[in-house]
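In: turn this into a model:
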Amino acid sequence: MARDTAPPPTELNRLARYGQLPGLVRQLGTLGGCARPIRLDGHRTEHRLDTATGEIGAVLHHLDSTALPAGHLLVRCNNRRTTRCATCAETYRRDTYHLITAGLRGGKGTPEEVAAHPRVFATFTAPSFGPVHNRPSSRSACRCGTVHAPDDPALGTPLDAERYDYEAAVLWNAHAGALWRRFSIYLRREIAKRAGLIQRAFRRFARVSFAKVAEYQRRGAVHFHAVIRLDGPDGGHTPPPSWATAELLTDAIRAAASAARVVGPVIDGREHTFVFGRQLDVRVIRSADFDGGTELTDRAVAGYIAKYATKGAETATGTLDRRIRFLAELADAEITDHARRLIRTCWELGARQDLEHLRLRAWAHMLGFRGHFSTKTRRYSTTLTTLRNARAEWRRLQAALADGDDGQALADSTLVLAHWAYAGTGLTDGERWLTDVLNAQRTEGDG
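Out: Below you'll find the predicted structure:
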């Protein structure tokens, strides 16, 4: 615990001597526990503005980074990865939860009627690239003859690394996003076919809305979890047609997933074509077959998807959580041999001019996958940006009210001039110690 560790004496004593320690505590408190804040140099000035004439009046407030206790303006890193910043990742997870829930139950600008629309929870997997150590549900032991513990580091690694298709595995990740886009096109065709419509007429009767996240399996292959909803022509605000049922949607998803394919590159005479794996799970969001008997409720689905929104390849596969500039950096990296070979394969393929568009070296730490982890259609529900702006506006209003100002009046009649420049990332030793103490107090308060 942070309070059992002695604070850095020199830095904190200096701040206490000049009376800046309370101010630094307040400044760090606004970060909500962010471990890697962005440090900015610059200034911000608020002027009174005459909205009738446009005349700029007196200065209402001026902020200069050099006058702040930390010597910089500190802003949250907003990194979604738990391995980089657990606090910001938790905020991202909660925002994703609310985004998914709004598309299932309504709220945040989405009508409550969406709860009655056909919707399913679907999981799309990658094909096999070779047998790996696992915990099969159909038998007690792995193919290697061992009953692996749930935390066995061997899980997901190849039974025979020399015969594992690392090239196809990396290229699958690189094309997974394109395969999903192809699936979404085919899905509309399959729904239209089952409704007796031509594809061009489909949008006049219904619309497909979805939200999905990408998750890495332990073997390092990406697969997708998605909430897919069938709406009326204008999205969640309009009811779906009478023929739109969860059963029709499920059948169309299975057909579209089976038909979707992306033609990949030809490497050394070998042609690559990418399809989804045979394990496709589609469940109507109203049954009681989720997670071994737990009811498949709106909240259960939202929680499940949000959990994976903050995880990357490093969580499941034991790879890196940041980009590398040189392959030699792998020498000192604490990663699994399987992850090392996947990264090396990305690096080697990334040197090919015909694969330059895949940017495999830039995304080697992600094992070739360069897509967004969390995506949605425009009319599924609200957006992460909207949620963040609402939170920022609420904080601004609370700060204004604490100063005795009318927050709305200030917003309508204030001109803000600002200039900020990047000055670094992270905390000093003293700032880190104080942040740990604040986090410990916050955790105790929540408990």
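
In: give me the contact list for the helix or strand hosting Arg26.
Out: Assessed by DSSP states H and E, Arg26 sits inside helix 21-29. Helix 21-29 has contacts (CB atoms under 8 Å, 6 or more residues apart in numbering) with 12, 15, 68-70, 74, 431, 434-435, 438. The C-beta positions use only the backbone N, C-alpha and C, and glycine is treated the same way.

In: where's the residue lying closest to Ile100 once chain neighbours are set aside, which helix or strand?
Out: Nearest non-adjacent residue to Ile100, counting by CB to CB, 6 or more residues apart in numbering: Ala302, 4.0 Å away. Assessed by DSSP H and E, Ala302 sits inside helix 298-309.

In: mind giving me the packing neighbours of that helix?
Out: helix 86-105, strand 207-216, strand 222-231 (3 or more CB pairs under 8 Å, 6 or more residues apart in numbering; DSSP states H and E).

In: after the longest one comes which helix or strand?
Out: Later in the chain than helix 86-105, the nearest helix or strand by DSSP H and E is strand 119-124.

In: quick check: angle from the helix or strand just after that following strand to strand 222-231?
Out: Moving toward the C-terminus from strand 119-124, the next helix or strand (DSSP H and E) is helix 166-195. Angle of helix 166-195 versus strand 222-231, following axes from the mean of the first three to the mean of the last three CA atoms, to 10 degrees, is 10 degrees.

In: counting neighbours, what do you get for the residue nearest to Ile100?
Out: 22 (other CB atoms under 10 Å).

In: now do the contacts for it.
Out: So, once contact is read as CB under 8 Å, 6+ apart, Ala302 ends up touching 97-98, 100-101, 104.

In: now, which of those sits nearest His372?
Out: Nearest to His372 among these, counting by CB to CB, is Ile100 at 14.9 Å.

In: give me the below-cutoff pLDDT ranges for the stretch 151-300 of the chain.
Out: Residue ranges of the stretch 151-300 of the chain with pLDDT under 70: 287-295.

In: that should have said the stretch 1-150 of the chain, apologies.
Out: Applying pLDDT under 70 to the stretch 1-150 of the chain flags the ranges 1-9, 11-12, 15, 17-19.

In: His62 in helix, strand or coil?
Out: Of the three states, His62 takes strand under DSSP: H, G, I helix; E, B strand; the rest coil.

In: ok, it touching Val416?
Out: No - using CB atoms under 8 Å, His62 makes no contact with Val416, being 10.9 Å away.

In: how near is the residue of the chain most remote from its centre to His61?
Out: What lies farthest from the middle of the chain is Thr53; by CA atoms, centre = their mean that is 45.1 Å. Distance of Thr53 to His61, computed by CB to CB, to the nearest Å: 22 Å.

In: ok, back up a step: most neighbours among the contacts of Ala302, which one?
Out: Most neighbours among the contacts of Ala302, by other CB under 10 Å: Ile100, with 27 neighbours.

In: so what's that residue up against?
Out: Residues near Ile100 by CB under 8 Å, 6+ apart: 211, 227, 301-302, 305-306, 381.

In: now Gly277
Out: Contacts for Gly277 (CB under 8 Å, 6+ apart) come out as 124-128, 223.

In: go with 10 Å
Out: 124-128, 172, 217, 221, 223, 257 (CB atoms under 10 Å, 6 or more residues apart in numbering).

In: same question for Thr53.
Out: Under the criterion of CB under 10 Å, 6+ apart, the contact list for Thr53 is empty.

In: quick check: it is in a strand.
Out: No - Thr53: not assigned to a strand; according to three-state DSSP it is coil.

In: distance-wise, check it relative to Thr435.
Out: 46 Å.

In: strands along the stretch 301-447 of the chain, start to end?
Out: With DSSP state E, counting those that start in this stretch as the criterion, the stretch 301-447 of the chain has strands at 374-376, 414-425.

In: which other helices and strands does the first one contact?
Out: Other elements packing on strand 374-376 under the criterion 3 or more CB pairs under 10 Å, 6 or more residues apart in numbering; DSSP states H and E are helix 86-105, strand 207-216, strand 222-231, helix 298-309.

In: contact partners for Ser209?
Out: Neighbour list for Ser209: 103, 110, 114, 117, 119, 227-231, 235-236, 376-381 [criterion: CB under 10 Å, 6+ apart].

In: ok, 6 Å please
Out: Residues near Ser209 by CB atoms under 6 Å, 6 or more residues apart in numbering: 229, 231, 377, 379-380.

In: over to Gly156?
Out: With contact taken as CB under 6 Å, 6+ apart, Gly156 is in contact with 132, 218-219.
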